[in-house]
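> No letters, just coordinates:
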């Protein structure tokens, strides 16, 4: 039997708090999970600084990645059973796409590093490009596993994640307004934060999901389940992802890494506090291998050292991050924006350099996106086979889509 | 108002996935949570190597500590409402004990370090002694907060955790066969692993729990809820805590740290790979401050470095731990124990030094204890006010108590 | 001690699947539960014909009434603890209102009879008037219990349900857009149908609910929990309460009772099939006592008899109802309304009298109401103490409020 | 296509609170559900008098029967996928048994009548014999549906329920110590009572369940899930099924029907209160059709009438049952049994005829059975293919099996 079809002698089962079980039957999938690049995801929190506000949300990108795989597995299983393609181009599901779908689902976040959002801002890395590199570069264990399937398989998997894969059904299972990725993270983040809004009826959505010639769509009689998913998503953004507390800690982290870049960009003597694994990034000369050494714990370890570093700003910001001393924040609008320079002056008068101790941030800039009407909409298929867009038939979704969410905030140390 | 009674202007509420909400009304409690020693618990997994087998179990000692506090808060609230003492020695609840109870609940695990169980074996630290030190030593932020209540308050809190506090009710809320600690960890570990066995009816147990002159007891009509808790606990030990997979990873970690102690016990040149924060421990000359620098991420960061260290055993063991390559294991009994030297020889013939690559381990040695008949039993109070021991009236509990659980295993690399 | 304040020697606890436990401490409440009028609610389904479509929804008005009581109890407990009135007219909670609130909560649905909605249409009864009568008439056990509190107490309880009670806080706990009644029925109906949409965070809503001078309002920081409740309600109406299947069975029931009124309005001989307990209603000469004999089982018992009654229409409609043979239905709009006479003709040509076998029905006419902007809106209280209306700050709620929900349907036997 | 294999054009889906969804794809199954005999189960409570103590437990035998069907469907689906027979007698699953299994699961309780347990005592009916009759007699709609599959199909279905069907796997799916029936009722009764003890991991049990030559067994690595099921069952019996409150109401019902038999065994004049549908049973001359007219509501309707019947004992007992006035009870043992005559005398002195107002009852006599070691045990299959009995490897189960559960009680009116 070829490696692509090689099945485990006994299906491997992972206990999962969200999906109850994650089922693995292909050797390829198990081999991918066992690579060092994938195991590294255990050491990166799914939600960056959010656990500093919602303490339960301590789950990793590893757990999320398994969850996305499991949802994709259930989708392909359902498609293979209920909508098997009988002829090329009939708009149904060609099950020879199963493995590439599962691999893409499992690996879609493999390029994430520690505190991705802030890290990317400071060091100009791009987790999507790195994902592609990890999959296609011949230095990685993941690439080695994928190549055993076929020489072009790594490129296929990468192109699914990259959304250039020709079969739109495969692409949309992984990336669309209602894909395996979003369904898992909403359920998992809701489960772990303990927030009740994030739940929706996954089983029902999977039952009404179906392939069509241009991607995936949903039967109209499942509209309310889809609606509920959109509302849940909206509420998770408002309540969890855009929470001022975690954004404040992101600001502290941003200022901390900026300062570190200045401090360690030059040569240094004090050896025990040198962030060796970060030096390539400070020098802007990093390679994939450098990137793969990093995780949340590595960064935190440096921050712990820096609490005692002989640079007041660095030491203070490191303490604030490690010991969780968030900045305060106030909302501002177009009308009140002009007050910010005054606030910065007050901060300065209190002895803080505003360059390191203040920031503005809008929640639109967060690494998440709510239901966006500019992207391809969720399609509902009616009894007669025609498609309608969700927002055209659901007033709730329409209300949410039109809305410009989020807010602008000014962050500053607790001085007044 | 004194600091001891100082309440927050607005009760602080933490979302919690297990208890829904954790409520904090005292300034003392909030100040303790905001110390660097307590925040450090965010960076230490509650279950050591268990998340390497049950991937969902990524929660920290921080979350657990908040949970124990919350259960203790509910107990004292219930006692104050339903069983208020009216006269000294009437065996009811004296609510002036509330604050010491809450502080002890919150801080009971404050002395834990990274991978405590293995770490203590290798470096002869003692998390209980360190807990006491953190609370009573005048170098810590926690001690500073507690002292603001009263000069003797730190000692009071420490003695509750130490079980020498005169009021047995307070002691047993924190440490007994059915205490706030165990109830939280069972529910939390079950929630995060996704294992269904660990759940029981916390609300019912809290309702039937009551103070008596010598500690806490439970109304007889709540017996089945208590029984269910004992069965849940039994099953969690069998299924989760004693799982061979996580014990195997503990063995790898044990061997890795042992080898590191040898390697870094001597002077070394290669600076980037030196585990500065561990050196005091290798030299057996550490102080409290050294201990408080450590967390899971710090250790993992060294392990990541060591994957490339020019010592084959160290590098290999570090890779095994970081990339999750567990040892295999086989059960053995008295009858088959004599085969172990043969197995060790086979391991050696495969090129592995058995001193670093094999181990025996019995699950009795794990850092958990099941229902032990030698300790003070769970007391049930009958309608006439007399007490009976749970195991005397419950055949299920009796069956579990008599049983010697666990197994002995021999661990070795995958060679045959 | 007066009867009003008489507490049970031991709090009585009812296991409840939705609220976990229902707590009763007042003798009055227990005595009310034990009246024959209240016990009768066990024999009346909460959702009429809905269990014929959602088979799990077999719960009674008894369970719901206990649930409303329990929510009201939690509200008054919270108000007494957090917002106790200190001076007349300070807009806070006067806890001498506790008992009247609890009694009104428990009894708010006491006047419901079997299949209320249809029954009222046919027999021109009014469950609200009957509720008042049961409480205030001196023939009932409930009145006897209430009068023991004070002679005017029955009138007080009735006026709360009637919304004429002077204290608006009490009235709005029982009847408003977000009251104890609606919160219980949404949660309970969702729980029993198994529909996931109906859940919301009751605990959070209770925490942000507070009294103000003109009723009850909600803290602005709980807005999302309130929003989620409104969305859940909207979805329950769309998915469950307006379901064409249960409306169809209501239509069958309506036609069945209409025909029975004709058949048994005249004198009859065949004694075993005579619906003795319904005769006063057919004759339009019923009294309260007649009404209190009825329940779902009584009506069904007559229907079972009528399956063999020598009137073809009556026998056929009885079979359809008892054996669950719903009519078909089609939606119609203004544009297609003119086709209905043609459809009726087709039904007639198939041998059915359209008067007994067809009906139009719009879901607006159902015994439920969604979020209605014409009623007093949900008020949110901001940090500065000012009030805003929910729909003004929540685009989701605004979207739902503006919408005219429901549909018009034409019902007919399965002939084409 | 034959009727046996005729599938619905679109799978029919029933929302179910316990299993989320119940899936029906065969026309036969839908036709059986739509028979009047099966619809009648909607009007019979699953738990008789238990909802009078656990108010949430208002679910019907209809819901339970759908649930048993759904579990059986999942079992056969799993067996067909994972253990398909390849040769006669290979001990694997022959999927031509699917339909008979599903029909037997759906119909296993079809012979139940109102308050079965007491009804059978008084009228000497036998729900198992009636089940067989409903399936095989040619007067029923169910028989007509089944005969369309094949002339011998009704007998096949009946023999499965009767445990005489040759294929033991089919029999044990429906009736064994761990069958679809028990799994559904435990989960459903726990869900509706709100008791937490009754839950166990159905999904896991279904995964480790497998056919073997002599029935069904369970993989040893699923032992803890099976253990948990046994413990749950034990606790449900102790807490719910043997509850003195519902047994007391059974006693009242028993006495009420006994008295009615005496009163209505003779000719009577007062027509409106004559229980026409019960007369054949009083006369001991009933047929299947008479039996199928009955349900809980029919009996209750008579009881409502009898509250005013001119026989004091009948009227009083009817009031006690309808208005829920349970008898008191005391436990007695061998040692205290001799006191019962004295108690009966006291009851008599208070003006009650002990023949109608007292009873002894032991919970062993209840219509449920716990884990009984005399029946065929649950078999676990080990890695080497050998079987062990659950109680031999599980000390918890062993403890429960040995125990003689339940108690003896003496019931009497509230007089002292």
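Perfect, I can see it now. Just so we're clear, the structure is a prediction, and the values are computed from it rather than from any experiment. Numbering: from 1, shown residues only, chains lettered A, B, ... in the order given.

> who in chain A is up against chain C?
Selection of chain A residues close to chain C by CB under 8 Å from any CB of the partner chain yields A:196-197, A:199-201, A:204, A:224, A:227-228, A:231, A:234-235, A:238-239, A:395-396, A:398-400, A:402-403. Every C-beta, even on glycine, is put in place using the N, C-alpha and C of the backbone.

> Return only those of the residues you listed found close to chain B.
Among the residues of chain A next to chain C, proximity to chain B is found for none (CB under 8 Å from any CB).

> Would you mind giving me the PyMOL syntax to select the buried ones in those residues?
Buried members of these, defined by 16 or more other CB atoms under 10 Å in any protein chain shown, are picked up in PyMOL with:
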select buried, chain A and resi 196+197+199+200+201+204+224+227+228+231+234+235+238+239+395+396+398+399+400
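
> So which of the residues of chain A next to chain C sit within helices?
A:204, A:224, A:227-228, A:231, A:234-235, A:395-396, A:398-400, A:402 (DSSP state H).

> if we take the residues you listed, which one ends up nearest to chain D?
Closest approach to chain D among these (CB to the nearest CB): residue A:204, at 8.2 Å.

> rewinding a little: export the ones in helices among the residues of chain A next to chain C as a markdown table, with columns for distance to chain D and pLDDT.
Compiled in a markdown table, those are given as follows (distance: CB to the nearest CB, whole Å; pLDDT from 0 to 100):
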| residue | distance to chain D | pLDDT |
| --- | --- | --- |
| A:204 | 8 | 90 |
| A:224 | 12 | 85 |
| A:227 | 17 | 88 |
| A:228 | 15 | 87 |
| A:231 | 20 | 85 |
| A:234 | 25 | 85 |
| A:235 | 23 | 83 |
| A:395 | 24 | 75 |
| A:396 | 21 | 79 |
| A:398 | 27 | 79 |
| A:399 | 27 | 72 |
| A:400 | 26 | 74 |
| A:402 | 32 | 62 |
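
> out of those, which one sits closest to residue B:17?
Nearest to residue B:17 among these, counting by CB to CB, is residue A:235 at 16.6 Å.

> Once you drop chain neighbours, what's closest to that closest one?
Once flanking residues are discounted, residue A:235 sits nearest to residue A:197: 3.8 Å by CB to CB, 6 or more residues apart in numbering or on different chains.

> Report the contact partners of the one you found.
Going by CB atoms under 8 Å, 6 or more residues apart in numbering or on different chains, residue A:197 touches A:190, A:232, A:235-236, A:239, C:201, C:224, C:228.

> Could you pull out the buried residues of the helix or strand containing residue A:62?
Assigned by DSSP states H and E, residue A:62 belongs to helix A:61-82. Going by neighbour count (16+ other CB under 10 Å), the buried part of helix A:61-82 is A:61-76, A:78-80.

> what's the average pLDDT for it?
The average pLDDT within helix A:61-82 is 97.

> does chain D sit close to that helix?
No - Helix A:61-82 stays clear of chain D (CB under 8 Å from any CB), getting no nearer than 9.4 Å.

> Next, see if that helix gets close to chain B.
Yes - Helix A:61-82 is in contact with chain B by CB under 8 Å from any CB, via A:62-63, A:66.

> sorry, back to before: can you give me phi and psi for the residue nearest to residue A:235?
Reported as degrees, to the nearest 10, the phi and psi values for residue A:197 are phi -70, psi -20.

> Please report how far the residue in the stretch 251-400 of chain A that chain C sits nearest to lies from residue B:321.
In the stretch 251-400 of chain A, the residue that lies nearest chain C is residue A:399 (3.2 Å; CB to the nearest CB). From residue A:399 over to residue B:321 the distance is 51 Å, taken as CB to CB, to the nearest Å.

> ok, stretch A:94-106 near chain B or not?
No - using CB under 8 Å from any CB, stretch A:94-106 never reaches chain B; the gap is at least 13.2 Å.

> Would you mind listing the buried residues in that stretch?
For stretch A:94-106, the neighbour count (16+ other CB under 10 Å) marks A:94-95, A:97-106 as buried.

> Could you work out the most separated pair of the residues you listed?
A:94 and A:106, at 19.9 Å, using CB to CB across the buried residues of stretch A:94-106.

> Give the rounded mean pLDDT of the longest strand seen in chain A.
For chain A, the longest strand by residue count, based on DSSP state E, is strand A:7-16. Strand A:7-16 shows a mean pLDDT of 90.

> now do stretch A:164-182
For stretch A:164-182, the per-residue pLDDT averages 96.

> Okay, now that stretch: how far is its last residue from its first?
Start to finish, the residues bounding stretch A:164-182 are 19 Å apart (CA to CA, to the nearest Å).

> Report the buried residues of that stretch.
A:165, A:167-182.

> Name the residues that touch it?
The contact list for stretch A:164-182 (CB under 8 Å, 6+ apart) reads A:68-69, A:71-72, A:75-76, A:79, A:93-94, A:97, A:100-101, A:104-105, A:108-109, A:156, A:159-161, A:163, A:205, A:209, A:211-212, A:214-216, A:218, A:226, A:229, A:233, A:371-372, A:375-378.

> Centre of the chain to that stretch, how far?
15 Å (CA atoms, centre = their mean, to the nearest Å).

> Quick check: the nearest residue to residue A:344 once chain neighbours are set aside vs residue A:256, distance?
In this structure, residue A:344 finds its nearest non-sequential neighbour in residue A:354, 4.2 Å apart by CB to CB, 6+ apart. Distance, residue A:354 to residue A:256, using CB to CB: 15 Å.

> residue in the stretch 251-400 of chain A nearest to chain B?
Closest point on the stretch 251-400 of chain A to chain B, by CB to the nearest CB, is residue A:297, at 2.3 Å.

> still on that earlier bit, pretty sure the residue nearest to residue A:344 sits against residue A:341.
No - the pair residue A:354 and residue A:341 does not pass the contact test of CB atoms under 8 Å, sitting 9.3 Å apart.

> Could you check which of these two is surrounded by more residues?
Counted by other CB atoms under 10 Å in any protein chain shown, residue A:354 and residue A:341 do not tie: residue A:354 has more neighbours, with 16 against 10.

> got the phi/psi numbers for that one?
phi -60, psi -30.

> who's in contact with it?
Per CB under 8 Å, 6+ apart, neighbours of residue A:354: A:344, A:347-348.

> could the residues you listed go into JSON lines alongside pLDDT?
Shown next, in JSON lines, are the contacts of residue A:354 (pLDDT from 0 to 100):
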{"residue": "A:344", "pLDDT": "94"}
{"residue": "A:347", "pLDDT": "94"}
{"residue": "A:348", "pLDDT": "95"}
